[in-house]
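[1] sequence and computational prediction follow.
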Amino acid sequence: MLKAHASDPAALPRLLLTVFALAVLWPGLQLSELNPGVLLHAENRQQIAAFTSAFWPPAHDAEFLKLLYQATLQTLAVATAGMAFALLLAIPASLMASRALSLRAASRGGRGGVMSRLLRMPVRGVLIFLRSVPEIVWALLFVRAVGLGPTAGVLAIAITYSGMLGKVYAEIFESVDQRPAHALLQAGSGRLTAFFYGILPSAMAEVVSYTVYRWECAIRASVVMGFVGAGGLGQQIDLSMRMFAGGEVASILLAFFALVLIADLLSRFLRGRLA
Amino acid sequence: MNRVINLLLVGAIVAAVVASFSYLELDLQALIGDGGPGQMGAYAKRFLHPDLSADHLQSVARGALETLAMSGLGTLLAVVLGMLLALPAAGRFGWPLQSAARLLLNGLRAIPELVWAALTVLAAGLGPNAGTLALALHTSGVLGRLFAEALENAPAAPAAAIRLQGGGQLAAFCFGTLPNLWPQLLAYSLYRWENNIRMASVLGFVGAGGLGQMLYTTLSLFQERQASTVIIAMLVLVLLVDAFSDAMRQRYVRA
Amino acid sequence: MTINLHGAGLRHGTVRALEAVSLHIAQGERVAIIGPSGAGKSSLLHLMATALQPSGGRLELFGEQPWALSARARQRLRARIGLVHQTPPLPPRQRVVTAVLAGRLGQWSTLQGLLNLVYPTDVRGAREVLAELGLAEKLFVQCGQLSGGQLQRVGIARVLYQRPEVLLTDEPVSAMDPVLAEHSLALLNRHAQANGVTLVASLHAVELAFAHFPRVIGIREGRVMFDCPAEAVSEQMLDALYANEQLASQPAQAPSLAVQIPRC
C-alpha cells in the first residue's frame, strides 16, 4: 500500500501521450495542407479586401428588403415546422428507448433485463444513426428527392433533430429520480401513466430547456441548409454570392445576425418562464 | 397568474407552429399521397448498393482522413486561438482589451462556418486548407467565449498565492488556475470537435475538400452508389469521433 | 530590523482591520500572534507578506519599503518571504509533488517552472520536505484527495521548500489534531532556529503559542494589546485580550493552560 515511487509514475504515460500526439500531428498537417499564412499573402488579402469592400453599403432597396423579409420568415418557419415534426417522432422514440419505462427495471432496482435491452437497442441505434449523418447531407438528399425549396429543409431538420431530441430525452428520463415511476409501475399502473405521473414532472424543466435550445440551433441549421437549396436566408446568400452582389450578402448577413439575436433572447425568455 | 401566462405562452407557441406550416404551404399532399413516397422510395433504393470497389474505397479513405485532419487541426488551432483571446476577454489585461477581445470573439462565432469557408476558399483556394481555417476561425470564437466564462469562474486564490511568493504571471496561471481549469477546457474542446467533424463534411460543399466535396460531386453526377459509400464513411467517422471523445471525457474530465 | 511596521493601518471599505500597528521584528526572531477571532491576525500577516497594501503608515521589509518598489523588485522581495495560508490555496486536481515544487517558482526561470508542471525535476527534494511532515507517501496523490490537516501540511511543505528568509504562518495547525499540531509547530521552530529564519505565527491555541515561541503579541480589534516575552504574559492580560461581553461569561477559559504564567 505504501509504495514509495522513486520517480514520477505519471512520467511514462505523459511521455507516450506526447509522442503519440506528435506522431498524429505530422500526417494531420500534411493531409489538411494547413497554411494559415495564406490568409496574409498580399494578393489574397487584396481579394478578401475587394470582396468585403463590396459589402458596404448593404443593399437596402425596397424590393430587396421585401425579399429579405420573406426569406427570414421562411427560415423561421422551416425551423419551427421541422422541430414540430421532430418532436412528433422524438417523443414516442424516446419513450421506447428510455430505460425509465422498463417494467423489468422497475422491479430490479433500475437494471433492465435482456429482453428490454433487445427492444431498446435498435431504437437507440436508429436515433444515433439519424443524428450522426450531418443534416446538410439529409438536406442535399431531400433536395434531390423533392426538389428545391423549404420542404427539403423541413424534412432534413425533422429527421436529424428527431434523432438528437429522442436520444437526449431518453437520457433525461433516465437521469431523473426513478423511484416514483418504479413505485407506480410496481403498483400496476400502465407505462404511460407511470411516465406522466412519475417521470415527466421532474424531467419537464430540462426537456423544455433543451428543446428551446435546439430550436435556436435549428434556425442556424436551416440557414446552412439553404445553401444547398432548401430555401430561406441560406439560399439567398448562395444566390447573392454567385452574383458577387456584396451589398446583398451584407444585408442578408445582418438579417441573419438579427434573427440569431432575437432567437437567443426568445430562447432565454422561454427557458426562464417555462423551465 | 403565472399559470395563465404560461398557458398563453404555450398557446402562442402552438399558433406559431401552425402559422409556420401554413406559411410554407408545404405540399404534404404531394409528399405523402400521390406517388410522393414512391418517388422518394425509388430514390432511396438507389443508395442501397454502395460501391465497394478497391479504387473507390481508397479515395473514400483518403477523403475520410482529410476530413478527420481538417476537423482535428481546425479544433486544435481554435483551442490555441480561443485561449489566447479568452485571457483578455476574462478581464486579465484590463477593461479596454476585454471589450475588444469580446467583440472579436462574438464576431468570429457569429459568422457561420459556411460563410467563413466561402471567404477562406477565396483566399486560400479550393482544398482542405480553406476548410481547416474556416473551422478554426469560427470555433475559436465559440471556444474563446466558453473559455473566458470558465476563467472568470475559476477561483483566484491559488494563482494569487503563487504571485505572492514571487512567481511570474505565467507561472501563477499554469500552477494556480490551469490544473483545475483544463478538464473543463478539454470537455468544451471535445464537444466542439464532435460538432466540427459533422461540419467538415458540410464545408466540402463549398470546395473545402474531404468527404463533403466527394459527396457533392457524386450526388451532382447522379452517382448514387458512390455517394452512399461516402455517406457510410461519414457515419463511421462521426461515430468514431463521438466514441473517442466519450472515452477522453471518462478518463480526464470526470474527477 | 527585518520586519518594521510604523503605524500601519488597514481598511477593508469602512471596516478598519488594523489601527496604527507598530512592530519591529528582527532577523531570526520567533513570534506568536494571538487574539480573539476577527482581531486582525490574518490581516496583519497578509500585510507583512505584502499581499495587502497598508492604507496608512509604513511597512518595511529587509530595510526596504515594498510598496515603493517597482513591481519586478517587489516580486523578487516576495520570493524571500513565505506565507502559509490558513486554507492552503492548492488546486484540487494538482498532485502534491507539483504543489510542493511550486514553492520555488519565485526563484526559477519561467521555462524551468513550466517544465516542472509536467515533469517534476526535484522529486527527492519534495519528498524530503514532506517526510518531515509525515506525508512522504502522498507524493503523487491529488490534493483534492487529502484531508484538511494533510492539506495544511502540504501548504507548510511548499513554504519550507521555498526556503524563505521570513516565514509567516496564518493558523498553520488549525485543522490538525493536537499531536500533529505540536509536531508541526516544533518542526517549524526547529527549522527557523537552524536556518536563522524569522518565524511569525498566528495561533488560536494559546498554550501552543506559549510552548514554542519566546515572544508573544496579543491583538484585539486591530490594535496591539501587548508585545512581550512569553513568560511575561499574565492571566489578566489574556482575560483582557479574549474578553467578550456578548457571550455569557464563563470564567473557565482554555481548558489546558498548563504553563504557569508569572506577572509581566
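    Thanks, I have it. Numbers count the residues shown, from 1 in each chain, chains lettered A, B, ... in the order given.

[2] quick check: buried residues in stretch C:55-67?
    Of the residues in stretch C:55-67, C:57, C:59, C:60, C:61, C:66 count as buried by neighbour count, 16 or more other CB atoms under 10 Å in any protein chain shown. (Each C-beta comes from the backbone N, C-alpha and C, glycine too.)

[3] closest residue of the stretch 101-250 of chain A to chain C?
    Going by CB to the nearest CB, chain C is nearest to residue A:175 of the stretch 101-250 of chain A, at 24.6 Å.

[4] closest to residue C:238 out of the buried residues of stretch C:55-67?
    Nearest to residue C:238 among the buried residues of stretch C:55-67, counting by CB to CB, is residue C:57 at 27.1 Å.

[5] isn't the closest one right up against residue C:11?
    No. Counting by CB atoms under 8 Å, residue C:57 sits too far from residue C:11 to count as a contact (11.4 Å).

[6] report pLDDT for the closest residue to chain C within the stretch 101-250 of chain B.
    Using CB to the nearest CB, the closest approach of the stretch 101-250 of chain B to chain C is made by residue B:166 at 2.4 Å. We have a pLDDT of 89 for residue B:166.

[7] returning to what we had before: contact partners for the residue of the stretch 101-250 of chain A closest to chain C?
    For residue A:175, no contacting residues are found, by CB atoms under 8 Å, 6 or more residues apart in numbering or on different chains.

[8] distance check, it against residue A:132.
    The spacing between residue A:175 and residue A:132, counted by CB to CB, to the nearest Å, is 22 Å.

[9] residues from the stretch 51-200 of chain B in reach of chain C?
    Residues of the stretch 51-200 of chain B lying close to chain C by CB under 8 Å from any CB of the partner chain are B:157-158, B:160-168, B:170-172, B:174-180, B:183.

[10] in ChimeraX, how would I select just the buried ones from those residues?
    Of those, the buried ones go into a single ChimeraX selection, burial set by 16+ other CB under 10 Å:
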select /B:157,158,161,162,163,164,165,166,167,168,171,172,174,175,176,177,178,179,180
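
[11] so where's the chain shaky on pLDDT?
    The chain I'm using is chain A. The model of chain A has pLDDT under 70 over residues A:1-6, A:103-113, A:275.

[12] wait, chain C
    In chain C, residues with pLDDT under 70: C:245-264.

[13] how far away is the residue nearest the centre of chain C from residue A:168?
    Residue closest to the mean C-alpha point of chain C, counted by CA atoms, centre = their mean, is residue C:169 at 0.9 Å. For residue C:169, the distance to residue A:168 equals 51 Å [CB to CB].

[14] next, the contact list for residue A:92, please.
    So residue A:92 contacts nothing (CB under 8 Å, 6+ apart).

[15] for chain B, which segments count as helices?
    B:2-24, B:28-32, B:36-45, B:54-89, B:95-110, B:113-124, B:128-153, B:157-164, B:169-172, B:178-203, B:210-220, B:224-248 (DSSP state H).

[16] do the last one and chain A meet?
    Yes. For helix B:224-248, a contact with chain A is found by CB under 8 Å from any CB, at B:231, B:234, B:235, B:238, B:239, B:242.

[17] now do that helix against helix B:210-220, angle only.
    Compare the direction of helix B:224-248 with that of helix B:210-220 by axes from the mean of the first three to the mean of the last three CA atoms, to 10 degrees and you get 160 degrees.

[18] between helix B:54-89 and helix B:224-248, find me the angle.
    Using the same axes, to 10 degrees: helix B:224-248 against helix B:54-89 is 40 degrees.

[19] closest one to chain B out of the buried residues of stretch C:55-67, please.
    residue C:66 (11.5 Å).

[20] not counting its neighbours along the chain, what's nearest residue B:248?
    residue B:190 (5.8 Å; CB to CB, 6 or more residues apart in numbering or on different chains).

[21] where exactly do the strands run in the stretch 51-200 of chain C?
    C:56-61, C:81-84, C:166-170, C:198-202 (DSSP state E, counting those that start in this stretch).

[22] strand partners (parallel or antiparallel) of the last one?
    Sheet pairing for strand C:198-202, assigned by DSSP bridges, gives strand C:30-34 (parallel), strand C:166-170 (parallel).

[23] any idea how far the nearest residue to residue C:198 once chain neighbours are set aside is from chain A?
    Among residues not flanking residue C:198 along the chain, residue C:166 sits closest, at 4.6 Å (CB to CB, 6+ apart). Distance from residue C:166 to chain A, counting by CB to the nearest CB, to the nearest Å: 31 Å.

[24] with residue B:77 instead?
    Note on residue B:77: its distance to chain A, by CB to the nearest CB, is 8 Å.

[25] who's in contact with the residue lying closest to that residue once chain neighbours are set aside?
    Closest residue to residue B:77 apart from its sequence neighbours, by CB to CB, 6+ apart: residue B:136 at 3.9 Å. Residue B:136 is in contact with A:36, B:73, B:74, B:75, B:77, B:78, B:81, counting by CB under 8 Å, 6+ apart.

[26] how about 10 Å then?
    Applying CB atoms under 10 Å, 6 or more residues apart in numbering or on different chains, we find residue B:136 in contact with A:34, A:36, B:70, B:73-82, B:108, B:113, B:116, B:120, B:196.

[27] can you check residue C:91 too?
    When contacts are counted by CB under 10 Å, 6+ apart, residue C:91 is found next to B:154-155, B:157-159, B:175-181, C:98-99, C:102, C:142-144.

[28] nearest residue to it other than its sequence neighbours?
    Nearest one to residue C:91, counting by CB to CB, 6+ apart, is residue B:179 at 4.0 Å.

[29] ok, that neighbour - contacts?
    B:158, C:90-95, C:98-99, C:117, C:142-144.

[30] again with residue B:105
    B:81-82, B:85-86, B:88-89, B:140-148.

[31] if we use 8 Å, what do you get?
    B:82, B:85, B:86, B:89, B:140, B:141, B:144, B:145, B:148.

[32] got it, and residue B:235?
    A:129, A:132, A:133.

[33] nearest to residue C:215, out of the contacts of residue B:179: which one, please.
    Nearest to residue C:215 among the contacts of residue B:179, with distances taken as CB to CB, is residue C:90, at 30.3 Å.

[34] any idea how far chain A is from the nearest residue to the closest one once chain neighbours are set aside?
    Residue nearest to residue C:90 in three dimensions, not counting chain neighbours: residue C:143, with 4.4 Å by CB to CB, 6+ apart. Distance, residue C:143 to chain A, using CB to the nearest CB: 14 Å.

[35] is it true that residue C:143 touches residue C:151?
    Yes. Using CB under 8 Å, residue C:143 is in contact with residue C:151, at 6.5 Å.
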